[in-house]
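Novice: below is the structure, and that's it, no one-letter string:
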């Protein structure tokens, strides 16, 4: 019986997430300010370095965070970010740098995962695209998923 209840809850959450994305693909759950963006390149590769902050409670009981991130260009590997100051137990932040919509654009994505006090583990994803040369940005949180 307990397994059936979990299956129903997870199925309902999945259906809600799919329906929400289909109905309101531009809905945001908050914004993470970013700054100190620097692009460092060698002959063979480029690395993005930047800082991102999330306010406590930007989504339900999400813990706040401040991190420094470093991602290799177009590697499609999520790299762990380094916490600045206190880290909430069970919380993790990762980033990735992917191809922008044009050659003069930078596209960054960040995920924040945390254990909720109410039970599920949440994963929020923010994505931003901005012009090369800019050093600050606001990253809208465009997706939040829950797992039991």
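Specialist: All right, it came through fine. Source: prediction; values computed, not measured. Numbers count the residues shown, from 1 in each chain.
Novice: so which residues of this protein form strands?
Specialist: 31-41, 46-54, 65-72, 79-80, 82-83, 92-99, 105-115, 121-131, 137-147 (DSSP state E).
Novice: list of residues touching the second one?
Specialist: Spelled out, that is strand 46-54. 30, 32-41, 62, 64-73, 81, 84, 93, 95, 97, 106, 108, 110, 112, 126, 139 (C-beta atoms under 8 Å, 6 or more residues apart in numbering). C-beta here means a position set from N, CA and C on the backbone, and glycine is covered the same way.
Novice: so where is the chain shaky, pLDDT-wise?
Specialist: 1-26 (pLDDT under 70).
Novice: quick revisit: which of the contacts of strand 46-54 count as buried?
Specialist: Neighbour-count burial (16 or more other C-beta atoms under 10 Å) applied to the contacts of strand 46-54 gives 30, 32, 34, 37, 62, 65-67, 69-71, 73, 81, 93, 95, 97, 106, 108, 110, 112, 126, 139.
Novice: who's residue 40 bridged to?
Specialist: With DSSP bridges as the criterion, residue 40 is bridged to residue 47.
Novice: surely residue 70 touches residue 80?
Specialist: No - using C-beta atoms under 8 Å, residue 70 is not in contact with residue 80; the gap is 9.2 Å.
Novice: could you verify my assumption that residue 67 touches residue 80?
Specialist: No - the pair residue 67 and residue 80 fails to qualify as a contact (C-beta under 8 Å) at a distance of 9.1 Å.
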